[in-house]
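S.K.: take this sequence and fold it.
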Amino acid sequence: MSSSGVRLLGPGVLQRIESPRGPVYRFVYTNAQHRRIRVNLSRDKRVAEAASRELIRKRDLQLAGIGMLGSQNELLLDLLEKYISDLRGRSSSKGYVEIVNSHVRYVIKELKVERVRDLRPHAVLEMRSKLRASGLAVSTANRYVTCVSTMLRWAVSVELVGENPLRNVKPIPLNEKNKTKRRRALTEVEITRLLEAARLDDIDQAERLAAKMTIRSQTQGRRYALRVRAVRVPQAALWRAFLETGARYFELVSARWADLDVERKMLRLRAVTTKSARERCIPLRDETLNELRALRPFHERVHRRSLNPDDRLFVTPEGRAHMQQSGNLVRRLTRLLELAGIDRRDSEGRTVDLHALRHSFATRLARNGVSQVQAAKILGHSDVRLTTSVYQHLESEDLRGAIDTLASPPVLQRATEAARLA
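M.R.: Numbering: from 1, shown residues only. The predicted structure is shown next:
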């Protein structure tokens with residue numbers, strides 16, 4: 001019994017459990033409503049112990065009639081750490097967890113808030129409006145707010161906070177105009193031009209970094225010419241890989257050198273990085289394989305060491321790992337489209353973005369007669385209908401070849417021949 005005469009419940013049990021992504025500490029306890037709660041707190045035992053003690057303290061305050069005083073003082077970054085730890089134990093998609101993590105961190109940084117009590121709905125709405133004004137789709141702008149609100153709703157359910165300050169913030173309604181982004185597949189000619197633009201851009205950017213033009217002009221002197229300069233990792237192999245594997249952004253940039261099977265000419269996409277949480281292996285053309293192998297010396301020079309099997313296969317020009325949300329990569333694609341003379345948006349409002357390269361790959365498979373079942377396996381689709389309805393942008397000229405393969409009926413052939421002789 002407590003001093004107030006209220007019977008206190010047990011202290012709960014902290015358990016070390018194995019999750020698909022390593023051990024995590026789960027806390028099992030009974031809340032003030034006598035409901036059994038299970039929550040993953042942290043991978044760090046000390047952090048989990050501190051969090052479990054705080055949960056019990058708040059519960060006992062409620063039982064004593066004091067309520068959850070100060071519960072809105074929870075630090076948002078601490079709350080995010082606990083939420084992500086719990087989410088990793090429940091979600092089969094590592095990519096989804098990373099998206100949630102990056103979106104929530106972006107909102108916290110953008111709004112300059114530290115604690116739950118600092119979140120103001122009007123400030124969140126203003127931030128979302130700015131995201132829309134910057135060109136983000138409605139669904140993407142909504143997702144930033146939804147990730148934060150979902151985290152807060154989870155925190156309320158496990159009694160880390162008293163209430164969700166964003167509970168009344170509604171998403172922007174989707175209408176027919178902004179419901180889905182309409183993408184288009186690149187033609188074979190456009191693909192050739194884009195890859196050539198990527199190759200030439202690598203040469204141009206490397207020369208800029210090496211200051212070759214300035215050195216040739218001798219305007220900066222001999223000491224400037226002898227200065228040691230950074231190495232730039234070529235990016236043309238990444239763009240070719242997008243167009244010749246059909247991998248999603250996170251799947252591709254998460255690939256390691258150990259995932260490249262040179263003997264079998266295969267690229268392995270590990271289950272922890274794929275959207276379906278299933279591993280798949282994609283065959284590579286000789287040209288693509290050779291371009292990937294040619295990256296090795298650049299990686300070794302930028303890392304200043306021999307490569308490890310766990311090193312990333314694709315890195316930024318500076319040698320860093322690609323982030324989950326890469327605005328730099330989007331800007332580089334926009335520059336390449338301009339260099340290649342390809343409109344980013346056509347007259348029908350269809351766009352060419354990173355995911356459109358996946359659409360282009362699927363459409364190329366269809367153009368070359370690959371069966372829908374095979375295409376679905378390569379793309380990682382569980383339903384062949386998704387491959388058919390979303391990713392095959394066969395244009396009128398593509399379909400003309402199919403019509404031209406039809407033989408004329410015998411009667412029509414004889415009539416045509418007679419008309420020619422007459």
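S.K.: any idea how far residue 34 is from residue 63?
M.R.: 10 Å (Cβ to Cβ, to the nearest Å). No exception for glycine: its C-beta is placed from N, CA and C like everyone else's.
S.K.: who touches both of those two?
M.R.: residue 9 (Cβ atoms under 8 Å, 6 or more residues apart in numbering).
S.K.: so which of those two has more stuff around it?
M.R.: Under the criterion of other Cβ atoms under 10 Å, the comparison of residue 34 against residue 63 puts residue 63 first, with 18 against 8.
S.K.: you'd agree the more buried one is up against residue 32?
M.R.: Yes: assessed by Cβ atoms under 8 Å, residue 63 is found in contact with residue 32 at 5.3 Å.
S.K.: can you list the weak-confidence ranges in the stretch 201-350 of the chain?
M.R.: Filtered on pLDDT under 70, the stretch 201-350 of the chain yields the residue ranges 211-218, 220-222, 224-229, 324-326.
S.K.: the helices in it, which residues?
M.R.: With DSSP state H, counting those that start in this stretch as the criterion, the stretch 201-350 of the chain has helices at 212-217, 222-225, 236-245, 249-253, 286-293, 296-303, 327-340.
S.K.: shouldn't residue 41 be within a strand?
M.R.: Yes: under DSSP: H, G, I helix; E, B strand; the rest coil, residue 41 falls within a strand.
S.K.: who's in contact with it?
M.R.: So residue 41 contacts 14, 24, 25, 26, 27, 47, 48, 51, 52, 82, 85, 86 (Cβ under 8 Å, 6+ apart).
S.K.: number of nearby residues for the nearest residue to the third one once chain neighbours are set aside?
M.R.: Sequence neighbours aside, residue 48 is the residue nearest to residue 25 in space, at 3.5 Å (criterion: Cβ to Cβ, 6 or more residues apart in numbering). Here the count is done by other Cβ under 10 Å, and residue 48 has 23 residues near it.
S.K.: same check on residue 125?
M.R.: Neighbours around residue 125, by other Cβ under 10 Å: 15.
S.K.: secondary structure element for it?
M.R.: helix 121-133 (DSSP states H and E).
S.K.: got the buried residues for that helix?
M.R.: Buried residues in helix 121-133, counting neighbours by 16 or more other Cβ atoms under 10 Å, are found at 124, 127, 128, 131.
S.K.: do I have it right that the last one meets residue 144?
M.R.: Yes: taking Cβ under 8 Å as the definition, residue 131 is a contact partner of residue 144 at 6.4 Å.
S.K.: quick one, strands of the stretch 151-300 of the chain?
M.R.: 260-261, 266-269, 280-283 (DSSP state E, counting those that start in this stretch).
S.K.: list the strands paired with the first one, with their directions.
M.R.: Think strand 260-261. Strand pairing for strand 260-261, determined by DSSP bridges: strand 266-269 (antiparallel).
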